[in-house]
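Student: Show me the folded form of this:
(one chain, ligands or ions: 1)
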Amino acid sequence: MRPLIAGNWKMHGTLRDAAALAEAVRAGAPAGVDLLICPPFVHLHVVAAAMLGQPVAVGGQDCHAAAKGAHTGDVAAAMLRDVGATHVILGHSERRADHGETDAGVRAKAEAAIGAGLTPIICVGETLAQREAGEAEAVVAAQVKGSLPEGFLAADGVVAYEPVWAIGTGRTPTEADIAAIHAVLRGLTSPATRLLYGGSVKPANAKAILGLPHVDGALVGGASLVAADFLAIAGAAGP
Ligand code: PEP
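Tutor: Numbers count the residues shown, from 1 in each chain. As a prediction, this is how the structure comes out:
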């Protein structure tokens, strides 16, 4: 499967930073790898316009489950599509923690995203306490079952395994632990569903992680804010 390397820029930078970072990623995009960048909402239109026709896709970091309406501060999936996004990250652990997002809520957002023509990247992952209690596989399996819409198995969607304790910490699970979770994910999804690993992916560990069975790419946070690091990770995914 062609790998996907996705950058989650979270709530960082100015519009000028976003434009420069996108251009640096575009200029260095390696062959044989799909690249996706997910800027903050307010930067998305400008970045998507600059990437039009280029080998770098652009996505949102969230969307609302409703098509439109009185939802102050929220953004509909169709609005993301309208300004040039092709993907949307959903159910990131920071949103689950900061905004109380539930599996059912993520599922509703994913349905809205698919309905608007976006590819959802649905994030799942256990906390450190859950891993230490030996519950990681069961937690992730339950999140997948609760967060993926009916029919998702046949759709061109993406699932990202992001252990909460590995995000932004510099810590990663062992390769065996990543492979074990991805084997569970593969058993719950269609062979066409890309499975990403996310959590402290860096140029130094990318090759080993991306070489694991059923790891079809990476969702990258901190390292996606440095074009050279993001491109090095993408290069490690390439042929
Ligand atoms: C993320 O937040 O999706 C992520 C993977 O972050 P980081 O790479 O910084 O751990």
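
Student: Wasn't Trp27 part of a helix?
Tutor: To be clear, residue 27 is Ala; Trp isn't right here. Yes: counting by DSSP: H, G, I helix; E, B strand; the rest coil, one finds Ala27 located in a helix.

Student: which residues touch the closest residue to the ligand within the chain?
Tutor: Taking Cβ to the nearest ligand atom, the ligand has its nearest neighbour within the chain at Gly221, 2.1 Å off. Yep, even glycine has a C-beta here, placed from its N, CA and C like the rest. Residues near Gly221 by Cβ atoms under 8 Å, 6 or more residues apart in numbering: Gly7, Asn8, Lys10, Ile167, Gly168, Gly198.

Student: any idea of the mean pLDDT in the helix or strand harbouring Ala20?
Tutor: Counting by DSSP states H and E, the element that carries Ala20 is helix 15-28. Confidence over helix 15-28 (mean pLDDT, whole number) is 98.

Student: Next: stretch 166-175.
Tutor: On average, stretch 166-175 scores 95.

Student: all strands for this protein, in order.
Tutor: With strands called from DSSP state E, the chain shows them at 4-8, 34-38, 56-60, 87-90, 119-124, 158-161, 194-198, 217-220.

Student: Show me what the third one is packed against.
Tutor: Just to be clear, that refers to strand 56-60. helix 15-28, strand 34-38, helix 41-51, strand 87-90 (3 or more Cβ pairs under 8 Å, 6 or more residues apart in numbering; DSSP states H and E).

Student: Can I get the ones you listed in TSV including distance to the ligand and mean neighbour count?
Tutor: Formatted as TSV, these follow (distance: least, Cβ to the nearest ligand atom, whole Å; neighbours: other Cβ atoms under 10 Å):
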stretch	distance to the ligand	mean neighbour count
helix 15-28	15	17
strand 34-38	9	25
helix 41-51	16	19
strand 87-90	8	26
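
Student: Out of these, flag the one nearest Ala57.
Tutor: Nearest of the helices and strands packed on strand 56-60 to Ala57, taken as Cβ to Cβ: strand 34-38 at 4.5 Å.

Student: Now find how far off-centre that closest one is within its chain.
Tutor: For strand 34-38, the separation from the chain centroid amounts to 9 Å (computed by Cα atoms, centre = their mean, to the nearest Å).

Student: And that strand, what does it pack against?
Tutor: strand 4-8, helix 15-28, strand 56-60, strand 87-90.

Student: let's see 7 Å
Tutor: strand 4-8, helix 15-28, strand 56-60 (3 or more Cβ pairs under 7 Å, 6 or more residues apart in numbering; DSSP states H and E).

Student: Strand partners (parallel or antiparallel) of it?
Tutor: strand 4-8 (parallel), strand 56-60 (parallel) (DSSP bridges).

Student: Count the neighbours of Ala204 for me.
Tutor: 12 (other Cβ atoms under 10 Å).

Student: ugh, wrong one, Val139
Tutor: 19.

Student: From Glu150, how far off is it?
Tutor: As judged by Cβ to Cβ, to the nearest Å, Val139 and Glu150 stand 22 Å apart.

Student: Quick check: which ranges of the chain have low pLDDT?
Tutor: Scanning the chain for pLDDT under 70 picks out 153-155.

Student: Can you pull the residues of it lying near the ligand?
Tutor: Residues of the chain found near the ligand (Cβ under 6 Å from any ligand atom) are 8, 162, 167-168, 198-201, 219-223.

Student: how does it look with 5 Å?
Tutor: Asn8, Ile167, Gly168, Gly198, Gly199, Ser200, Leu219, Val220, Gly221, Gly222 (Cβ under 5 Å from any ligand atom).
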